[in-house]
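K.L.:
Quick one, fold the following:
(one chain, ligands or ions: 3)
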Amino acid sequence: MIIIDISEPLREGVATWPGDTPYRFQLNWTKEETGSVNVGKMEMSIHTGTHIDAPYHFDNEGKKVHELDLSLYVGPCRVIHLLDLPSIGAAELAHFDLGGVKRLIIRTDSWKDRLQFPTSFTYIRPDLAPFLQERGIQLLGLDVPSVDLPDSKELPAHHALHQHGVHILEGAVLNHVEEGDYELIALPLPLDGADGSPVRAVLRK
Ligand SMILES: Nc1ccccc1C(=O)C[C@H](N)C(=O)O
Ligand SMILES: [Zn+2]
Ligand SMILES: [Zn+2]
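P.N.:
Ligands and ions are numbered 1, 2, ... in the order given. All right, here's what the predicted structure looks like:
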């Protein structure tokens, strides 16, 4: 079985939303201190690295992580390439046959230096949301830190996707992934009340 890891490694210095909590892992106790085990602790923003957004992230009435349907995050998916476009809407997807696709992952390669938070990247135009809903797509995954522009306060793509029943996976690493059909596994942690969750996202061929 071939497993393709599409998760950003979490380590000190991993790109973080400007001003948000830096990622930190450290041993709270060493084996020498406890006499038995090393025990780590970590601190991070939910929105660092490869993660899913719960609707509560941008809507106070929206579902929190523990309320999400896990079946969204496990199952067949389609990976397509739409490289280096300024933005993606219905027009850019019009020539793809997406019949039967429930989870769509788009490789943009627009986040060039994964060590830095990007100043620009491919963003999603809200008209993509009804287009995806019409085709039965319930999960959209991307290799960018946000479906909206980084300075957006209105978050038009987040809201449009939510209104059309499309859930969001952000920050996937896709530069080694060919177009095609895979099985996606990208389960959120059971974080009670959270606005999102880091995921270990993999594709199975
Ligand atoms: N971490 C943040 C801190 C402040 C303002 C926005 C964010 C975000 O994460 C937004 C982005 N659209 C996201 O869903 O990952
Ligand atoms: Zn997020
Ligand atoms: Zn987001």
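
K.L.:
So Leu184: helix, strand or coil?
P.N.:
Using DSSP: H, G, I helix; E, B strand; the rest coil as the criterion, the local structure at Leu184 reads strand.

K.L.:
burial measure for it, as a count.
P.N.:
The number of residues packed near Leu184 is 26, by other Cβ atoms under 10 Å. The way it works is simple: take the backbone N, C-alpha and C, and place the C-beta from them, glycine included.

K.L.:
hey, what's it bridged with?
P.N.:
Gly75, Leu203 (DSSP bridges).

K.L.:
Distance-wise, check it relative to Lys153.
P.N.:
Here Leu184 is placed at a distance of 31 Å from Lys153 (Cβ to Cβ, to the nearest Å).

K.L.:
Could you do Thr16 as well?
P.N.:
Thr16 is 19 Å from Lys153, where distance means Cβ to Cβ.

K.L.:
okay, those two: which has more neighbours?
P.N.:
For Thr16 and Lys153, the more surrounded residue by other Cβ under 10 Å is Thr16, and the numbers stand at 17 against 5.

K.L.:
For that one, which non-adjacent residue is spatially closest?
P.N.:
Take Thr16 and drop its neighbours on the chain: the residue closest to it by Cβ to Cβ, 6 or more residues apart in numbering is Thr48, 5.1 Å away.

K.L.:
since we're on the one you found, how many residues are nearby?
P.N.:
Counted with other Cβ under 10 Å, the neighbours of Thr48 add up to 21.

K.L.:
Quick one, grab the pLDDT at the residue located most distally from the centre of the chain.
P.N.:
When each C-alpha in the chain is compared with the mean C-alpha position (Cα atoms, centre = their mean), Gly35 comes out farthest, at 39.3 Å. Gly35 is assigned a pLDDT of 98 by the prediction.
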